[in-house]
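In: below are the sequence and a predicted model; questions follow.
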Amino acid sequence: MSDKILEVNGLSMHFPLSGGAFRKSTAVVRAVENVSFAVHRGETFGVVGESGSGKTTLGRCIMRILTPTAGTIQFTGKAQEPVELVTSDDSLLRSIWRDIRMVFQDPQSSLNPRLPVIEIVGQCLRKSEKLSGKALADRVSMLLTNVGLRPEILHRYPGAFSGGQRQRLGIARALATNPQLVVADEAVSALDVSIQAQTLNLMQDLQEQFDLTYIFIAHDLAVVEHICDRVAVMYLGQIVELAEKDELFNSPKHPYTRALLQAVPVPDPRKRPAKRVRRGSGEIPSGGLRLDACQFAPRCPHAQDICRNSSPPEKQVGGAAVLCHFAGDI
Amino acid sequence: MMPLTPMHTDSPEPLLRIRGLKTHFFTADGVVKAVDGVDLDVQQSRTTCILGESGCGKSIMARSILRIVDAPGRIVDGSIIYRAADGRTVDLAAMSPTSKAIREIRGSDISMIFQEPMSSLGPIQKIGKQISETILLHRKMSKAEAKEAAIEMLDRVGIPNPAKRYESYPFELSGGMRQRAMIAMALSCQPRMLIADEPTTALDVTTQAQILDLIADLKEEFDMSVMLITHDLGVVAEVAEDVAVMYMGKVVERGDVYSVFENPKHPYTQALLESVPRIGGVRKARLPAIKGMVPHPLARPSGCSFRTRCERYMPGICDKTEPVLTQEGSSEVACFLYSSELANVR
């Protein structure tokens, strides 16, 4: 497909660790290492991984809240020339932040408790569209209606709302500037089951209504399967498998993807894992990423010497891109 | 697969029998009825899951059992009958929260693990010390023996290099390891019942699977009863033998796991099961969501508390009186759809 809204190439984000007498840099944490993918216009692109896999850092790099260490991120808006985000200066970024918006995980801490709803949702419109007074109130009311909230709440504060309602406020804020791309970082993780379903439905409705593209970052595989079109699985800063949703969930290729899928509890007591099939072992190692080996080798049931001694190439297996020495063979 | 023993909803002697339990919080704004008439049995050697969304009172109910509800909350009514190893029964609800009697039950007969191990483990004491302290409190042992028992316990819960980890502080461990250390502490006195309050909610799925396996193993090894509190339907389906579904401070449905998941009776249980996306399940364009949200605890609806969100709300019936748990097939449900006097309305 040629219509790519976002193209990420060789993206790396390293955080220096400092220590010693003069806070000199002693080591780096490679939170994201050489990640490449493209997001097509109108799709929902899922990024899954456990904590520490770098999925949030990736989202923050795309938003340019962080400046990546290396790589390029090219954004192509509707009827716009491609823009390189990594090298953009602040003024250019400000205009891009109308087109790319973010919804955060924690509806408690991502809304300023001292601002009324009209400011939370509409503040950006004061700057970007010079709206104020009645015009602003009208616009914010409309946004609130779009996300299923009553417009009467304009002058209330976030404290008055439940978690689900706050997340709707966060979504309304993201939509305020008519964005094209929305990065949703664990947007439904903090919500109860019944509220989560409402919010997912709302996000799908809005996508249709406003022609949105989502980058949906989450750890809940069932939710990702429900809402996403294509899915990237991250492990220790790398995308280990990227495929269409159906292919990824029906025939996972990377041992890590399999381990993840196996670990998800299925809400059906007849599908319990057979007694004592030991599921996975170990955890994400804290030492960080090694460049000369497969990251998953220490936990992988198929690991051979080659996995411990050389970094795996990206292989194309079926429709999936897999980072594994034995992709397709196991 | 867990061994399937037949379900006895009212077997003669459950380990724990809760009847009409009410734990209310007396706040400046009014009385919050966090737990408002819970009936529940926990059978010997079985895993009972308490399923509910946040705010339904499941944690407060569990804390009421051990009498660790913080002020301004207190038990205002009901009984929690615990059957001790020697066969005599005691009412935990009638004990003083600071009495010697309840302190002897806490930790040695019934112990509890929490969602966030970091906030329940002391931050400035080595984990080994914290475990051996618990052992010294409840078992007649010398310090050296207690240390040995603690190391053995750390080993049993799958902490690598237990003798070295004995000397670790909680912040030196990962989330999964901390939860293991918590479990080691909770089981160090070989309790007859373990209450696990969202033990895996803060963990990654792969770690969650390991911890659930560990709890299931230890349950069998020590022949414990487990009460597992969770909002995750997947976790319930995986570990539960019995299930109780809570909504706004009440048990609205209870039964064995197969009855509840395959033949849910209460409209809330049905809606809850419908609303979760399932891997490999039937693709739905939209999730059937439960409308509205849980009412404010100070603005309880009259009659059935679920009626404001219920698809099968019957005006004139559901808003008049509260339904009570009644046997319906293989499970019990609190809903007027099933009450025989109203059969004609159905």
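Out: Sure thing, it's come through.
In: assumed B:Gly20 was part of a strand.
Out: Yes. Counting by DSSP: H, G, I helix; E, B strand; the rest coil, B:Gly20 is part of a strand.
In: against B:Glu332, how distant is it?
Out: Going from B:Gly20 to B:Glu332 by CB to CB, to the nearest Å gives 15 Å. The C-beta positions use only the backbone N, C-alpha and C, and glycine is treated the same way.
In: who's more crowded, those two?
Out: B:Glu332 (23 against 12; other CB atoms under 10 Å in any protein chain shown).
In: A:Ile5 against A:His40, yeah?
Out: Yes. Applying CB atoms under 8 Å as the test, A:Ile5 and A:His40 come out as touching, 6.8 Å apart.
In: give me the common contacts of these two.
Out: A:Thr213 (CB atoms under 8 Å, 6 or more residues apart in numbering or on different chains).
In: more neighbours, these two?
Out: Higher neighbour count among A:Ile5 and A:His40: A:Ile5, with 22 against 16, using other CB under 10 Å.
In: not counting residues beside it along the chain, what's closest to whichever residue of the stretch 1-150 of chain A sits closest to chain B?
Out: Closest contact between the stretch 1-150 of chain A and chain B, by CB to the nearest CB, is at A:Glu50 (3.8 Å). Excluding the flanking residues, the one nearest A:Glu50 by CB to CB, 6 or more residues apart in numbering or on different chains is B:Asp204, at 3.8 Å.
In: what about residue 193, how many neighbours?
Out: Picked chain A for this. 24.
In: meant chain B, my bad for not saying
Out: Neighbours of B:Met193 using other CB under 10 Å come to 21.
In: same thing with B:Ala144?
Out: Counted with other CB under 10 Å, B:Ala144 comes out at 9.
In: just A:Pro252 next, same as before
Out: Other residues near A:Pro252 number 20, with proximity taken as other CB under 10 Å.
In: confirm for me that it is in contact with A:Glu241.
Out: Yes. When contacts are counted by CB under 8 Å, A:Pro252 is listed as touching A:Glu241 (7.0 Å).
In: need the contact list for whatever residue of chain B ends up closest to chain A.
Out: Nearest to chain A, among the residues of chain B, is B:Gly234, at 3.1 Å (CB to the nearest CB). Neighbour list for B:Gly234: A:Ala222, A:Val264, A:Pro265, A:Val266, A:Pro267, B:Val276 [criterion: CB under 8 Å, 6+ apart].
In: surely the last one and A:Asp220 touch.
Out: Looking back up the chat, that one is B:Val276. No. Counting by CB under 8 Å, B:Val276 sits too far from A:Asp220 to count as a contact (9.9 Å).
In: tell me how far A:Val140 lies from B:His266.
Out: Taking CB to CB, one finds A:Val140 at 39 Å from B:His266.
In: correction: A:Val240
Out: Using CB to CB, A:Val240 is found at 42 Å from B:His266.
In: and if you look at B:Ile151?
Out: For B:Ile151, the distance to B:His266 - CB to CB - is 47 Å.
In: which one's more surrounded, the two?
Out: Using other CB under 10 Å, the more surrounded residue of B:Ile151 and B:His266 is B:His266, with 27 against 20.
In: these two touch, right, that one and B:Ala334?
Out: Yes. Assessed by CB under 8 Å, B:His266 is found in contact with B:Ala334 at 7.0 Å.
In: which neighbours do the two share?
Out: By the contact definition CB under 8 Å, 6+ apart, B:His266 and B:Ala334 are jointly contacted by B:Val252, B:Glu253.
In: a helix runs through A:Thr199, doesn't it?
Out: Yes. Counting by three-state DSSP, A:Thr199 falls inside a helix.
In: name the nearest residue to it, ignoring sequence neighbours.
Out: A:Val188 (5.1 Å).
In: residues in contact with residue 64?
Out: If you meant another chain, say so; for now it's chain A. A:Arg64 neighbours (CB under 8 Å, 6+ apart): A:Ile73, A:Leu85, A:Val86, A:Ser88, A:Leu93, A:Ile96.
In: wrong one, chain B
Out: B:Leu21, B:Thr23, B:Val35, B:Ile75, B:Ile80, B:Ala93.
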